[in-house]
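In: just a sequence and a predicted model for now, questions to come.
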Amino acid sequence: MTNPKDKMKKTRNPGVFRLPDGRLLAKVSVRTSDGRVVVRKQVLAASATEKQAVQAVLALKELVKHPPVTTPSRRPSDTGQTFEDYCNQWLAVRSQRVTPKTKMTYVATVKTFILPRMGHLICKDIRRNAVESWVVWAESLRRGNDKPYAEPSMRVWWRTLHVILCCMAADLELPDPTRKVDPPQRGDLTPVRETGTLTGEEIGKVLDECREKYPRRLAEVAMMALTGARAGEVYAMKWDVINFDRKIITIKRAVSAGVLLERTKTKVQRVVPLHPELEAILMVHCCAQIHRNAPGLDTLLVFPSDKGTVREPMSGNGMWVKLAEAAGLKQRLGPQVLRRSLNTLMLSEGVDRITLRAIMGHTTEAMTQRYAGVGDDAKADAIVRVRPVLRVVKVEEVAEERKAS
């Protein structure tokens, strides 16, 4: 029996052997990081030189140490992947690109309102009739008190499902099953009470009651009432965004699920004029923070929690209920009501919609370009038209604030 070693001979170059027919063989043996020994061979053409064989050895070593990353071909028509598996993969990727609050919304929506109805389906079998069936099911759902869900809630479920199905169709090269499917609707519901807005006099009452009952939180309530900023934007403010000299506030941060983000909900920075009443209140608030050596001074947060950390937008729920009762309001009160009220008051004062969007931050990509050039003077003129009926706070009243604290 012929010895395999007699079939090739060593050359003076390591890893290069000459076969009996005269051709050269490049051979490498590499131990990988996990302890395996990988052997690779390559027979060169008859005209190849030993120099070329040496280069082949080096190439084989590099190939073993750094193998190319290949993506397996996917045949959508043969896949047996369930929609639940795809949703989990989608969440793992999508959650890295959205805010913590949006991630929580996606996870809760998928788990509670999508997978129970569609999770068992095979991706390639999902068609328009399956999506329409989900819409009918969503419209029939009831809460614990046997009341139907509000239409805005169902719209959140629909937007999440729509995005996932569109991504699935693109990834697996399938037809879009959401095409010409209408979202869930509840035409039998009356408008929710929260859609009401406050008058300038009612805003004044709220601020006066806040000064009496929650003096340390007056500034944040006034900030919401007189800038239209979202609660998450207010609690993310640091003192660097408030310019008393230029009388402007730059809204460029937001709080999402307890995390301070260096961007707003719309990812667009905007400048809001500093209302005269708000300016006085903020100056008192700043002096009081320094006098008390309040927690959170090192972070420069304007409205930190009692522990000095970022305050959650939902932290004032109990306060809003008591303020509404004290002010004699017959509707719910909260940051969104104050924001909507400012919007309505400026419209009633004849503020044009472009300037309004510049202040409130209502934006689409097209509108961003349109209101980007609205000047500070135009916005300041718009904001001072809203004059709540309240007692103006003066800087000299810091002494009273110190006694109260």
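Out: Thanks, I have the structure now. Numbers count the residues shown, from 1 in each chain.
In: give me the number of residues near Ala46?
Out: Neighbour count for Ala46, taken as other Cβ atoms under 10 Å: 10. Glycine gets a C-beta too; all of them are placed from N, C-alpha and C.
In: isn't it right up against Leu19?
Out: No. Assessed by Cβ atoms under 8 Å, Ala46 is found out of contact with Leu19, at 10.0 Å.
In: which residues in the chain form strands?
Out: Using DSSP state E, the strands of the chain run over residues 9-10, 16-18, 24-31, 37-43, 242-243, 248-251, 254-256, 259-261, 270-273.
In: which residue ranges form the helices in the stretch 251-400 of the chain?
Out: Remark: helices assigned in the stretch 251-400 of the chain by DSSP state H, counting those that start in this stretch are 276-292, 317-326, 335-348, 353-360, 365-371, 376-383, 398-404.
In: same check on the stretch 101-250 of the chain?
Out: Using DSSP H, counting those that start in this stretch, helices in the stretch 101-250 of the chain cover 115-118, 128-140, 151-171, 200-213, 218-227, 231-235.
In: possible to save these as CSV with mean neighbour count?
Out: Shown next, in CSV, are the helices of the stretch 101-250 of the chain (neighbours: other Cβ atoms under 10 Å):
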stretch, mean neighbour count
helix 115-118, 16
helix 128-140, 15
helix 151-171, 18
helix 200-213, 19
helix 218-227, 26
helix 231-235, 25
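In: out of the strands of the chain, which is closest to Tyr86?
Out: Of all the strands of the chain, strand 254-256 sits nearest to Tyr86, with 25.7 Å by Cβ to Cβ.
In: one step back: nearest to Leu172, out of the strands of the chain?
Out: The nearest among the strands of the chain, by Cβ to Cβ, is strand 254-256 at 31.0 Å.
In: can you list the low-confidence ranges for the chain?
Out: By pLDDT under 70, the weakly predicted segments of the chain are 1-6, 32-35, 67-79, 187-195, 363-375, 382-405.
In: what count of nearby residues applies to the residue lying closest to Gln52 once chain neighbours are set aside?
Out: The shortest distance from Gln52 to any non-neighbouring residue, by Cβ to Cβ, 6 or more residues apart in numbering, is to Leu44 (6.5 Å). Using other Cβ under 10 Å, the number of residues around Leu44 comes to 18.
In: if I look at Leu44, how far off is Met8?
Out: 12 Å (Cβ to Cβ, to the nearest Å).
In: same thing with Cys210?
Out: Cys210 sits 91 Å away from Met8, going by Cβ to Cβ.
In: one step back: in a markdown table, list the helices of the stretch 101-250 of the chain along with distance to Leu329.
Out: Converted to a markdown table, the helices of the stretch 101-250 of the chain look like this (distance: least, Cβ to Cβ, whole Å):
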| stretch | distance to Leu329 |
| --- | --- |
| helix 115-118 | 39 |
| helix 128-140 | 33 |
| helix 151-171 | 22 |
| helix 200-213 | 6 |
| helix 218-227 | 13 |
| helix 231-235 | 18 |
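In: what's the burial count for the spatially closest residue to His120 that is not a sequence neighbour?
Out: Distances taken as Cβ to Cβ, 6+ apart place Thr82 nearest to His120, at 6.4 Å, with adjacent residues excluded. Close neighbours of Thr82, defined as other Cβ under 10 Å, add up to 17.
In: so Thr82 makes contact with Lys124?
Out: No. Thr82 lies out of contact with Lys124 (Cβ under 8 Å); the separation is 10.4 Å.
In: if we can go back for a sec, shared neighbours of Leu44 and Met8, anything?
Out: Common contact partners of Leu44 and Met8 (Cβ atoms under 8 Å, 6 or more residues apart in numbering): Leu25.
In: ok, back up a step: closest one to Pro14 among the helices of the stretch 101-250 of the chain?
Out: Smallest distance to Pro14 across those (Cβ to Cβ): 47.0 Å, for helix 151-171.
In: tell me how many other residues crowd Val93.
Out: With other Cβ under 10 Å as criterion, Val93 counts 9.
In: how about Thr299?
Out: By other Cβ under 10 Å, 13 other residues sit near Thr299.
In: same check, this time on the one 5 residues further on
Out: If you count neighbours by other Cβ under 10 Å, Pro304 ends up with 20.
In: then the one 3 residues further on?
Out: By the other Cβ under 10 Å criterion, the neighbourhood of Lys307 contains 9 residues.
In: who touches it in this structure?
Out: For Lys307, the contacting residues are Pro295, Gly296, by Cβ under 8 Å, 6+ apart.
In: quick one: the residue nearest to His120 from Ala26, how far?
Out: For Thr82, the distance to Ala26 - Cβ to Cβ - is 47 Å.
In: and what of Val163?
Out: Val163 sits 51 Å away from Ala26, going by Cβ to Cβ.
In: next: Arg186.
Out: 72 Å.
In: same thing with Val39?
Out: Remark: distance between Val39 and Ala26 (Cβ to Cβ) = 12 Å.
In: more neighbours, these two?
Out: It is Ala26, of Val39 and Ala26, that has more neighbours when counted by other Cβ under 10 Å, with 24 against 10.
In: mind checking the backbone torsions on Asp245?
Out: Main-chain dihedrals, Asp245, degrees, to the nearest 10: phi -70, psi -50.
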